[in-house]
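Asker: Structure of the sequence below:
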Amino acid sequence: MILLDTLSAEWLKSISSTLVKVDVSLLEKAVRALFLAEQLKVNNLTFVFKGGTSLLLHLEKPLRFSIDVDIITSDDKAKLIKAMDAVIETGAFTRWEADERRLHKDLPVDHYKFFFKSQFPSPTAENYVLLDVLYQDPLPVWVEEKAMQHPWLKTAGDPVQLTLYTIGGLLGDKLTAFAPTTTGILYTKDRPVEIIKQLFDIGCLYNLVENLTETQTAFQTVAAEELKYRGLDVSAFEVLDDAFQAALTICIRNIKDPNFQHLAKGIHNIKPHIFYRFVIEDATVSAAKVMLLSTLLRQDFKGTLHKYGAAKDVIDWLIPTTDYNRFNKLKKTNPEAFFYIYKTYKHLEPD
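Answerer: Numbers count the residues shown, from 1 in each chain. Below is the predicted model of the structure:
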């Protein structure tokens, strides 16, 4: 189990010293989010842990901060509240309260804030971690067990086992969240960083997936549920088109396009949440992966996922069509992005 020492200022400072340009207050929230997820399991809540914070348990090397706990539970609210009260008794949090501003009348979801005395900027500062709960029975099947173990955590005894989305399932779920006019974080919500977090995660997850079997199942299921919850009379294919168009917007980089302006703002402002460089060129690579992924899911592709190797692999490739030949220039400036766009073109317009 995670030790309470994990939440101390001394421990957090020691971890932040091993990371590059880290906001230690974000590290504090990320660690407390993991503590919260573990304690919900310890206190007998049945749930699937998903979202960006769960990704920390999948990756050997963390790539970005995620500071919310996103779960799906088949238990009722009474059992959830009992578990949340037990979390408060650990002393890691001072109280919890429902986030009434984020309630959705027609959706089986709840949102809660878990408050704590932050060590940063001072021991008297109050901060909180968000818990997002979706009530669903039965639970998703694209799951696996993972131990609550991470370099950021001090633990003792046998690690607690949590049920997480698989990498493939998480990729499908994330793609529905990167669809900013249908099932995703909408342009109209004015949360560009949240949109780009999904893009960043998709780019990372794509590298870890070999085939799209679980991704397809997860995408189709989650997209159908989101469309129903939102009362949208559109198909899963249209969600794929939505993600494709948002990705294409990034790749085209038309600075007069309001949607590009929105996405570019997110790319710029995501920097404090990410440990490594993620500028427009990197975002273009992730966007090109989204274009290919959307195309492959639409075609129900059953093969091994295409993966970029080296710039020399694309040196003789050329896109002849007018719709996509603008991207030939990326062959020299961003060969990895060109690789995925070229593969998209080949699937859209096979010989």
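Asker: On the three-state scheme, residue 113 is what?
Answerer: strand (DSSP: H, G, I helix; E, B strand; the rest coil).
Asker: and if you look at residue 164?
Answerer: From three-state DSSP, the assignment for residue 164 is strand.
Asker: Make 291 the first number, not 1, from now on.
Answerer: Got it, the first residue is 291 from now on, which makes the last one we talked about residue 454.
Asker: Please tell me how far it sits from residue 430.
Answerer: 10 Å (CB to CB, to the nearest Å). C-beta here means a position set from N, CA and C on the backbone, and glycine is covered the same way.
Asker: Tell me where the stretch 291-440 of the chain has strands.
Answerer: Taking DSSP state E, counting those that start in this stretch as the test, the strands found in the stretch 291-440 of the chain are 337-340, 358-363, 385-388, 399-408, 415-425, 433-437.
Asker: Next, format the ones you listed as JSON lines and append mean neighbour count, distance to residue 629 and mean pLDDT.
Answerer: Shown next, in JSON lines, are those (neighbours: other CB atoms under 10 Å; distance: least, CB to CB, whole Å; pLDDT from 0 to 100):
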{"stretch": "strand 337-340", "mean neighbour count": "23", "distance to residue 629": "29", "mean pLDDT": "98"}
{"stretch": "strand 358-363", "mean neighbour count": "22", "distance to residue 629": "32", "mean pLDDT": "97"}
{"stretch": "strand 385-388", "mean neighbour count": "14", "distance to residue 629": "47", "mean pLDDT": "97"}
{"stretch": "strand 399-408", "mean neighbour count": "18", "distance to residue 629": "38", "mean pLDDT": "95"}
{"stretch": "strand 415-425", "mean neighbour count": "18", "distance to residue 629": "35", "mean pLDDT": "94"}
{"stretch": "strand 433-437", "mean neighbour count": "14", "distance to residue 629": "30", "mean pLDDT": "97"}
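Asker: quick one: contacts for the closest residue to residue 318 other than its chain neighbours?
Answerer: Among residues not flanking residue 318 along the chain, residue 302 sits closest, at 5.4 Å (CB to CB, 6 or more residues apart in numbering). Applying CB atoms under 8 Å, 6 or more residues apart in numbering to residue 302 gives the contacts 314, 317-318, 321, 409-410.
Asker: Put together TSV for those, with neighbour count, distance to residue 473 and pLDDT on each row.
Answerer: Shown next, in TSV, are those (neighbours: other CB atoms under 10 Å; distance: CB to CB, whole Å; pLDDT from 0 to 100):
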residue	neighbour count	distance to residue 473	pLDDT
314	17	34	91
317	21	31	93
318	25	32	95
321	25	30	96
409	20	37	83
410	18	35	85
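Asker: Could you work out the most separated pair of those?
Answerer: Spatially, the most separated pair among these is 321 and 410, at 11.8 Å (CB to CB).
Asker: Give the rounded mean pLDDT of stretch 628-639.
Answerer: Mean per-residue pLDDT for stretch 628-639: 96.
Asker: again with stretch 561-568
Answerer: Per-residue scores along stretch 561-568 average to 90.
Asker: ok, now stretch 469-488?
Answerer: Rounded mean pLDDT across stretch 469-488 is 97.
Asker: What residues sit buried inside it?
Answerer: Counting neighbours by 16 or more other CB atoms under 10 Å, one finds that the buried residues in stretch 469-488 are 469-475, 477, 482-488.
Asker: Pick the one among those residues closest to residue 347.
Answerer: Among the buried residues of stretch 469-488, residue 487 lies closest to residue 347 (CB to CB), at 17.1 Å.
Asker: what's the helix or strand for that closest one?
Answerer: Using DSSP states H and E, residue 487 maps to helix 482-496.
Asker: same question, residue 620
Answerer: Here residue 620 is assigned to helix 620-623, by DSSP H and E.
Asker: For that helix, buried residues please.
Answerer: Using 16+ other CB under 10 Å as the test for burial, helix 620-623 gives 620-621.
Asker: quick one: low-confidence parts of this structure?
Answerer: Along the chain, segments meeting pLDDT under 70 span 392-395, 412-414, 641.
Asker: And the residue nearest the centre of it?
Answerer: residue 342 (4.0 Å; CA atoms, centre = their mean).
Asker: For the residue lying closest to that one once chain neighbours are set aside, grab phi and psi.
Answerer: Once flanking residues are discounted, residue 342 sits nearest to residue 356: 3.2 Å by CB to CB, 6+ apart. Per-residue torsions, residue 356: phi -130, psi 130 (degrees, to the nearest 10).
Asker: So residue 356 sits against residue 320, correct?
Answerer: Yes: under the criterion of CB atoms under 8 Å, residue 356 makes contact with residue 320 at 6.3 Å.
Asker: Can you pull the residues that touch both of those two?
Answerer: Residues within reach of residue 356 and of residue 320 at once, by CB under 8 Å, 6+ apart, are 343, 346.
Asker: Between those two, point out the one with more neighbours.
Answerer: Using other CB atoms under 10 Å, the more surrounded residue of residue 356 and residue 320 is residue 320, with 25 against 22.
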